[in-house]
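Undergrad: This is the structure alone, sequence omitted:
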């Protein structure tokens, strides 16, 4: 698929998935309404809670990510080449220059963070700076800048908040079904609604996570395509990904709290089931998409 | 009833025209800003060259011809005012620097000097930024042209005194010819 179409298709799919997510929440809200008569009220409370909790982590996303990964500020004199590359790419993307950080680690990886382009930061591992050639490093950094341009931190925060809403609603429904009793409330629905509600509250959190990971993967594909549009050289990024694939080490600071941030999944895994719960598409799929651009 | 409807329609049209006008302003400002970006990078390279010549002189004083080329190209850059002249002077400078760095391969002491290495990295970086700022300029022009020529924005573009299309930044002369390698 050509590059522009790929960008459009991934953008479209993100909106579609977020739309499905909202429908899921409406469905749960409706079920709660059928059981308690307070559907809108409870859903609204869940939404407000989820937004309140996540707004802080979004606002401070740069500081939090930098601390969690142990990244250190990069000085211009020491990392001239790194600075020049990002400066060039920000010019091409029309973005302000992000703050630059390095992570002392032998693996090849990178991440971008920040609530908006004016407060953005990029970190790369020292391994990436040493092992990647200029065009490959440009590919990796263009991918990170695309995350900033596409406001992926904001999108990730919204999605996490939506997951929070679903989990909260399901918990509440669960409690009501078992502790509140059913006949005492304004139970309008019959057995079918009850059964539907039961199935939904069991499966909805799982669903929510699957959609969350799917959105994350779409954003990665999108950043790959946008990055390629920036450098006009998809092969650079593809070569970098292949280098990562052939590495056998795992990032020292890898943990599931920060995995979604990184350029490539810091955990090495493979089968379709784990891919369903993976923040990143498999490396092979990304390389294939880039080679076809 | 009909009066209200007419008022609503007229208000909607006025709001839409204001929207189109502001969009045109934004896009044109983006093109102008992108043009200024190229200038900034050209200027940066222009400023780096005296340092480079200074750093190199001691080692390769015999390479008069290469050094002269660089200084001449830099002077042409200073004299250039129109985009076409600038583009030409820029290509000349790029070529002159390329041959300077090629010649510097023969001087191991020079290549090992920290100052030279830094200048080389800075110039290579600036060269990249020039290319990227051109790309950004062309992307901005593409966005501007596509908008002014699309319907219904194109009805308003000329009454508002917006040009229907802006020129892309093209490379001229030497840069477009394939590179000849001589041994």
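TA: Done, it's in. Small disclaimer: the values here were computed from a predicted structure and weren't measured. Numbering: from 1, shown residues only, chains lettered A, B, ... in the order given.

Undergrad: Okay, residue A:201 and residue A:178: tell me how far apart.
TA: As for residue A:201, its distance to residue A:178 is 11 Å (criterion: CB to CB, to the nearest Å). Placement of C-beta: from N, CA and C, glycine included.

Undergrad: again, but for residue B:107
TA: In this structure, residue B:107 and residue A:178 are 83 Å apart, going by CB to CB.

Undergrad: what about those two, which has more around it?
TA: In terms of neighbours (other CB atoms under 10 Å in any protein chain shown), residue B:107 is the more surrounded of residue B:107 and residue A:178; the figures are 15 against 9.

Undergrad: and that one, what does it touch?
TA: B:59, B:60 (CB atoms under 8 Å, 6 or more residues apart in numbering or on different chains).

Undergrad: 10 Å instead?
TA: Residue B:107 makes contacts with B:56, B:59, B:60, B:63, B:113, B:116, as judged by CB atoms under 10 Å, 6 or more residues apart in numbering or on different chains.

Undergrad: how far away is it from residue B:19?
TA: Going from residue B:107 to residue B:19 by CB to CB gives 61 Å.

Undergrad: try residue A:135
TA: As defined by CB to CB, residue A:135 lies at a distance of 41 Å from residue B:19.

Undergrad: Just want the residue of chain B that's nearest chain A.
TA: residue B:125 (2.9 Å; CB to the nearest CB).

Undergrad: For that residue, give me its contacts.
TA: Residues counted as contacts of residue B:125 (CB under 10 Å, 6+ apart) are A:80, A:81, A:83, A:84, A:85, A:87, A:88, B:41, B:44, B:45, B:48.

Undergrad: Comparing residue A:135 and residue B:19, which shows the higher neighbour count?
TA: Between residue A:135 and residue B:19, residue A:135 has the larger neighbour count (other CB under 10 Å), namely 15 against 11.

Undergrad: Check the spacing between that one and residue A:200 real quick.
TA: Using CB to CB, residue A:135 is found at 49 Å from residue A:200.

Undergrad: what does residue A:8 give?
TA: Taken as CB to CB, the spacing of residue A:8 relative to residue A:200 amounts to 33 Å.

Undergrad: more neighbours, the two?
TA: Of the pair residue A:8 and residue A:200, residue A:200 is the one with more neighbours under other CB under 10 Å, namely 19 against 13.

Undergrad: does that one really touch residue A:25, like I thought?
TA: No. If you go by CB atoms under 10 Å, residue A:200 and residue A:25 don't touch, sitting 11.1 Å apart.

Undergrad: Can you tell me the closest non-neighbouring residue to the residue in the stretch 1-150 of chain A positioned nearest to chain B?
TA: Among residues of the stretch 1-150 of chain A, the one nearest chain B by CB to the nearest CB turns out to be residue A:84. It sits 2.9 Å away. Sequence neighbours aside, residue B:125 is the residue nearest to residue A:84 in space, at 2.9 Å (criterion: CB to CB, 6 or more residues apart in numbering or on different chains).

Undergrad: most centrally placed residue in the chain?
TA: You didn't pick a chain, so chain A it is. residue A:216 (3.8 Å; CA atoms, centre = their mean).

Undergrad: Sorry, I should have been clearer: chain B.
TA: Most central in chain B (CA atoms, centre = their mean) works out to residue B:38, at 3.2 Å.

Undergrad: Get me the contact residues on the stretch 1-150 of chain A for chain B.
TA: Among all residues of the stretch 1-150 of chain A, those adjacent to chain B (criterion: CB under 10 Å from any CB of the partner chain) are A:77, A:80-81, A:83-85, A:87-94, A:134, A:138.

Undergrad: Quick one: neighbours of residue A:240, just the number.
TA: Using other CB under 10 Å, residue A:240 has 28 other residues around it.

Undergrad: Look up the closest residue to it, ignoring the ones flanking it.
TA: Nearest non-adjacent residue to residue A:240, counting by CB to CB, 6+ apart: residue A:136, 3.9 Å away.

Undergrad: Which element, helix or strand, includes that neighbour?
TA: Element membership of residue A:136, judged by DSSP states H and E, is helix A:134-149.

Undergrad: Determine the set of other helices and strands touching that helix.
TA: Contact analysis of helix A:134-149 by 3 or more CB pairs under 10 Å, 6 or more residues apart in numbering or on different chains; DSSP states H and E lists helix A:80-93, strand A:110-113, strand A:121-125, helix A:126-131, helix A:152-175, helix A:191-231, helix A:234-245, helix B:114-148 as its packing neighbours.

Undergrad: Can you say which of the ones you listed is nearest to residue A:46?
TA: Nearest to residue A:46 among these is helix A:152-175; the distance by CB to CB comes to 4.5 Å.

Undergrad: Quick check: mean pLDDT of the closest one?
TA: Averaging pLDDT along helix A:152-175 gives 88.

Undergrad: Now do it against helix A:134-149, angle only.
TA: 50 degrees (axes from the mean of the first three to the mean of the last three CA atoms, to 10 degrees).

Undergrad: which neighbours do residue A:200 and residue A:25 share?
TA: Once CB under 10 Å, 6+ apart is applied, the residues that residue A:200 and residue A:25 both contact turn out to be residue A:169.

Undergrad: and the longest helix along chain B with chain A, contact?
TA: Across chain B, the longest stretch assigned as helix under DSSP state H is helix B:2-57. Yes. For helix B:2-57 and chain A, the contact criterion (CB under 10 Å from any CB) is met by B:30, B:33, B:34, B:37, B:38, B:40, B:41.

Undergrad: out of the residues you listed, which are buried?
TA: Of all the residues of helix B:2-57 next to chain A considered here, the ones buried according to neighbour count by 16 or more other CB atoms under 10 Å in any protein chain shown are B:30, B:34, B:37, B:38, B:41.

Undergrad: what residues are up against the last one?
TA: What it means is residue B:41. A:87-88, A:91, B:90, B:125-134.

Undergrad: can you check the second one too?
TA: When contacts are counted by CB under 10 Å, 6+ apart, residue B:34 is found next to A:91, A:94, B:133-141, B:143-144, B:166, B:169.

Undergrad: what does the average pLDDT come to for stretch B:123-140?
TA: Confidence over stretch B:123-140, taken as the mean pLDDT, stands at 89.

Undergrad: residues contacting the closest residue to residue B:33 other than its chain neighbours?
TA: Of all residues beyond its chain neighbours, the one nearest residue B:33 is residue B:140 (7.7 Å), with distances taken as CB to CB, 6+ apart. In this structure, residue B:140 makes contact with A:94, B:27, B:28, B:29, B:30, B:31, B:32, B:33, B:34, B:35, B:37, B:166, judged by CB under 10 Å, 6+ apart.

Undergrad: go with 8 Å
TA: Contact analysis of residue B:140 by CB under 8 Å, 6+ apart lists A:94, B:27, B:30, B:31, B:33, B:34.

Undergrad: Find the nearest non-adjacent residue to the fourth one, please.
TA: Of all residues beyond its chain neighbours, the one nearest residue B:31 is residue B:140 (4.6 Å), with distances taken as CB to CB, 6+ apart.

Undergrad: Let me have the buried ones among the residues of helix B:2-57 next to chain A in CSV, adding pLDDT as columns.
TA: Formatted as CSV, the entries for those read as follows, by pLDDT from 0 to 100:
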residue, pLDDT
B:30, 90
B:34, 89
B:37, 87
B:38, 87
B:41, 88
